[in-house]
Each structure stands twice: as structure tokens, then as C-alpha cells.
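Novice: I would like to see how this sequence folds:
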Amino acid sequence: MAWNRRTFLKTAGTWMAGAAFGMHRFAARAQAPLGERPDRDETAEVLNPRMRVPLSFIIDDSTCLVNMGYFCMPQFAAAWPQRDIYRKPWNTWPREIPDAFVREFGQWCAERGVKGKYSVVPYPALVGWLDRELPGWSRRELLDSLALIRELLLPNWDIHPEMITHTRVIDVRTGRPFEEISAATMENSYPQEDKSVDELAAYLAYALRILKRCDLPCEGITTPGGFGNRVKSELSLAVHDAVREVYGSELPHYFKYVVGGEGSTEPKLEHVRDLGTTDPKVTVNVPAGTGDWFGGWDGDRKSEGHRYANEDATEGRMVELVERAQPAVMLCHWPGMYSHGTREGYRDFQQVVLALEGRFRDETVWMKVSEIARYWAAKGLTQIEAAGRGVALRAPFAAPAFTVRVKSVGAGQPAVLRNGRRTPLVEVKRSAALEAGTWLRDDGGTVVCFDLPKGLSQIELPQA
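Specialist: Numbering: from 1, shown residues only. Below is the predicted model:
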């Protein structure tokens, strides 16, 4: 089962009970349709990349300098005055999450190979525009903060807008928030009436253009809270149209949902069309598989890092997903990492990463959300059929370290054929050694790992 992630975090009495912000009731709406799928026989099976489980870390409510917990809280309280969760003493919290903390976090993650998604809210809680000015900080401080994201976090992190403000809805004709303050004019419960794909795409594109002017690349979008709950199918198409329009990205993706229990955490390929053309189209919906247990969206909850993985990685939701061989994508909010300056959430995060590394080093691989999206687009949409002594592949999207088990065994050395060029693969003896350009034999057949090109290619399994 898939939930909007705010609803998921609030589900009580389950394995993932917790509290979240921006909760509201909404009518059930159809998910985005999947669209086309290729013909595929049973000659081969696409495996996880390098036969490893993808790990990723989704960070929400991050931006330059602004502590979103501090600035969001009074705006949420104004829109939902009846809710006790917004009556916390926000004015005693730090207004800034300093770049020194971003640098420490980014350097540690780079050393451990951690990858994921890092939101950059373009007009954070109405404080200021990241492509112009950020009142309360100097122009130099803003520029240095943006440079830090570009130079340190890229290329290991995808950058997403989390809509324009993450609080008030903006009138894109004027750049000003609507005068009314209510659930109807807050981004994490917007829209409360039907919207067309074009209307939604215009709003998303507005956010994307701000980040583009900041020289930040984007291939995807994160929704703030329940944004788009009423228009899920239209939202998926709008993500595709906006990301392509502003950045020209081939393969747009988005993060909105959290999957719990026994539900699959594999990405969903939505609105697939034009597969047989040179310009195939798809929006990849990449879910998280955990709650936020590092300190909450406001940084005011006690961190419970053991819920991701305990000290020896024998228990926890991330452990469960790795053992199921499904993408293990953990979720947090940036104020929870900082934890009002105590950095409790960050220390727990480090322990989780080290625990997973200690037990699953040879079974997992850290990937950006966009990398997971690309691999699953190729995994699900590449046409595969028997061809001579191997299989032929017609791929709408290229994918590094594409890993396929062909359900037969040739006595000779496998090779990849592309445009008349034959590239032999190197044999390895265990799955931990698999990388692009290698192969191994296992009980199910012949496993090959190679950089899949867009278009036609062939895996050849010659006889001795």
C-alpha cells in the first residue's frame, strides 16, 4: 500500500506510527496511470544494478541557511489555528541551519559514498528569493551557501525544489502569496479543487526556474506534504512537462509517497508513452520506504535512528528492505538532522550508515534518486527477446551497470554487441565483484553487467 508521506507518518498503532505536519483529509483520487509497456519474453530477467540493493537518502525541507522549522511553524499555526502541533515555542529555536553543518554533513557523506536527494526550497517560507536576496543574511552569505551546494553536494545528491515556499501558495502572476491564509492557500494542502496539467506545470516550472537561475540542476521535484493529493495523475504529467520545459531533462522523476509494510518500494513508471519513438516519455515516481525518525520536520522530536537500523544492522526498516532486495530509501527532514543545534539526528544517521555498511557492504550500492529512476525506467521499459545465441534489447533509456540474468549458459565468453562492435565481458566469480563489463555464472543462468545504451544492443552467449 502507498500513502502520501505525511499521512503515512501519522498512521498510528502500526510499525510506522509518528506525527507529521500539514495533515488534512482528502478524497481518494486515482493514482497516475502506468501507460505503455514493452513486449518481453522469459529469456532474460533484469536484476538490481550489479545484483545489489539500491540505498538512497531523501532529505526534505532543506534550503540555504533558513531553518524551515523556525519559519514554517507560525505560518502553519495561522492556517490551522486549532492544531496543537503548531503551538510549539518556535521562537526559541535557531533561525539558521549554518553552512558549517552542511559542509560537515556533505564531507562525511562523500567519504562514505552516501547519495540521495537534497531539497532546496526556492522562496523558503517567504523569507527571501534564493536567486535574489535572503533578508537576514548578506548577499555574500547567500551566494556562498549556493556555491557550497553546487561544489560539495553535487554530484552525489539530486537537487529538487520542494515547491516555491513550502508554506503559502504564490500567485505566479505577481510573485506574491494569496491574501487568504487557510488550508486552501498552503502548499502542503494545495490544490483543494481540480487543476489542469498546464496549471500545475506552470506552478512547478516557476519553482524550477528560480533554481535554474541559481545554477542548480534539477531532474525532479519533491512535493511539500499533501501537495497534489487531489490531482495525482495530473501532477505526474505536470512534473514531466515542467522539468522538461525548464531543464530539458530526458527522464523526469518525483518524490511524493512513502511505502510501508509489505508494499513494494520499487519506483512506478507513470504515463509511459511513445515507447517506439526516439523520444519516449515517462514520469518516474520514486517512493521512500521509511518514516522520518531522525528528529522530525521541525527538529523538535527525539531521534530514533534504531528504527532505520540498529547498531549491528540486524533489525530496522532499512534492514528489512535490504533483505527483501528492494530499494531501501530512507527519509528525513533537514531540521531533524540539525535538531536545534544538538545534531542528535545527524549522529544517529551516521550510526545507521555505518551499521548498514558493516553488514551489507557487498550487497548494497548508494544511488541518487535520479539514478534509481533511470535504472528502473530501463528495467521496466527495455524490450527483451531471444536472438540467436543470446538476447536482443531495445532500450528507450540508457542505464549504467545494467544487470541481466540470461536463463541459459553458453560455454564461451559472453559479449555485448552494439552497432556491429563486439565487446567481450570479463568473468568474475562472485556477485560482489560485478561491475559494468563483467559477467558470472550462477544457478539461474548467466549474469551479465554492462552499460546499457539507448537503442538496440545484444547480449551474445557463444558456445565453446
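
Novice: touching, residue 387 and residue 456? I think so.
Specialist: No - counting by CB atoms under 8 Å, residue 387 does not reach residue 456; the two are 10.1 Å apart. All C-beta spots, glycine's among them, are computed from the backbone N, C-alpha and C.

Novice: domain parsing of this protein, as residue ranges.
Specialist: Domain assignment for the chain by automatic domain parsing gives 2-43+52-372, 384-460.

Novice: of these, which is nearest residue 378?
Specialist: Smallest distance to residue 378 across the domains of the chain (CB to CB): 3.6 Å, for domain 384-460.

Novice: residues touching the residue nearest to the spatial centre of the chain, list them.
Specialist: Nearest to the geometric centre of the chain sits residue 369, at 3.8 Å (CA atoms, centre = their mean). With contact set as CB atoms under 8 Å, 6 or more residues apart in numbering, residue 369 has these partners: 56, 58, 116, 117, 158, 220, 253, 255, 286, 329.

Novice: SS state for the closest residue to residue 250 other than its chain neighbours?
Specialist: What sits nearest to residue 250 in space, not counting adjacent residues and going by CB to CB, 6 or more residues apart in numbering, is residue 397, at 7.0 Å. Here residue 397 is coil, with the state taken from DSSP: H, G, I helix; E, B strand; the rest coil.

Novice: ok, which stretches of the protein are helices?
Specialist: Listed in chain order, the helices of the chain (DSSP state H) span 5-10, 68-79, 99-112, 139-148, 197-213, 232-247, 317-323, 334-338, 344-360, 369-381.

Novice: picking up where we left off before, and the residue nearest to residue 250, how many neighbours?
Specialist: 21 (other CB atoms under 10 Å).

Novice: cool, and residue 155?
Specialist: Applying other CB under 10 Å, I find that residue 155 has 8 neighbouring residues.

Novice: quick one, phi/psi of the nearest residue to it once chain neighbours are set aside?
Specialist: Closest residue to residue 155 apart from its sequence neighbours, by CB to CB, 6+ apart: residue 368 at 8.0 Å. With angles defined as degrees, to the nearest 10, residue 368 shows backbone torsions of phi -70, psi 160.

Novice: tell me who's in contact with residue 368.
Specialist: 56, 115, 116, 117, 155, 156, 157, 158.

Novice: just give the nearest non-adjacent residue to the last one, would you?
Specialist: Once flanking residues are discounted, residue 158 sits nearest to residue 117: 4.4 Å by CB to CB, 6+ apart.

Novice: where's that neighbour relative to residue 424, distance?
Specialist: 37 Å (CB to CB, to the nearest Å).

Novice: residue 333 now?
Specialist: On the measure of CB to CB, residue 333 and residue 424 end up 48 Å apart.

Novice: I figured residue 110 hits residue 155, correct?
Specialist: No - applying CB under 8 Å as the test, residue 110 and residue 155 come out as separate, 10.2 Å apart.

Novice: pLDDT weak spots in the stretch 351-464 of the chain?
Specialist: 464 (pLDDT under 70).

Novice: show me what contacts residue 380?
Specialist: 37, 269.

Novice: typo on my end, residue 239
Specialist: By CB under 8 Å, 6+ apart, the neighbours of residue 239 are 204, 220, 221, 252, 253, 254, 283.
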